[in-house]
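Undergrad: Provided below are the primary sequence and the corresponding predicted coordinates.
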Amino acid sequence: MDDSIEVVNRKVLDIFAKLAGDRGRRLDGCVVATPAMDAITDALVDEYGWEKADAIAFHMSDWNSDAAFVVALHLFPERFSHDEIKAGIGMFMTHAPNHI
């Protein structure tokens with residue numbers, strides 16, 4: 001399964017690199033999603049204050065690679081093997097619920 005995780009991550013990043021160019025790297029789970037986090041914080045700060053807006057921004061952005069997997073799977077299901085789909089779902093189910 002570990003090999004499938006690496007393959008899934010690489011496939012997802014490759015898909016988004018082709019769709020979004022350099023911006024696709026923003027969906028790498030190893031990259032802090034600063035542009036998205038800043039935009040969310042700015043949009044919510046008046047309503048929630050900086051501390052809560054920043055926390056919401058973090059929780060909406062930290063699972064960027066998990067969200068990218070789900071979208072990539074919806075767009076190109078034929079590009080993923082059964083093992084890769086299982087690995088991607090496992091990663092999503094392990095990480096994303098902590099942020100939702």
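TA: Right, received. Where do you want to start?
Undergrad: Tell me which residue lies farthest from the centre of this protein.
TA: Among the residues of the chain, the one whose C-alpha is farthest from the average of all C-alpha positions is Asp46, by Cα atoms, centre = their mean at 26.1 Å.
Undergrad: secondary structure element for that one?
TA: Element membership for Asp46 (DSSP states H and E) is helix 34-48.
Undergrad: measure the residue farthest from the centre of the chain to Asp54 for me?
TA: According to Cβ to Cβ, to the nearest Å, Asp46 and Asp54 sit 13 Å apart. No exception for glycine: its C-beta is placed from N, CA and C like everyone else's.
Undergrad: Give the buried residues for the longest helix along the chain.
TA: Secondary structure assigned by DSSP state H gives helix 2-20 as the longest helix of the chain. For helix 2-20, the buried set under the neighbour-count rule, 16 or more other Cβ atoms under 10 Å, comprises 4-5, 7-9, 11-13, 15-16.
Undergrad: want to try a markdown table for the residues you listed, with distance to Arg25 as columns?
TA: A markdown table is the format used below for those (distance: Cβ to Cβ, whole Å):
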| residue | distance to Arg25 |
| --- | --- |
| Ser4 | 22 |
| Ile5 | 18 |
| Val7 | 18 |
| Val8 | 16 |
| Asn9 | 12 |
| Lys11 | 15 |
| Val12 | 11 |
| Leu13 | 7 |
| Ile15 | 12 |
| Phe16 | 8 |
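Undergrad: What residues does the nearest residue to Val45 once chain neighbours are set aside make contact with?
TA: Take Val45 and drop its neighbours on the chain: the residue closest to it by Cβ to Cβ, 6 or more residues apart in numbering is Ala53, 4.4 Å away. Counting by Cβ atoms under 8 Å, 6 or more residues apart in numbering, Ala53 touches 40-45, 47.
Undergrad: Out of these, which comes closest to Ser65?
TA: Distances from Ser65 to the contacts of Ala53, taken as Cβ to Cβ, are shortest for Ile40 (17.0 Å).
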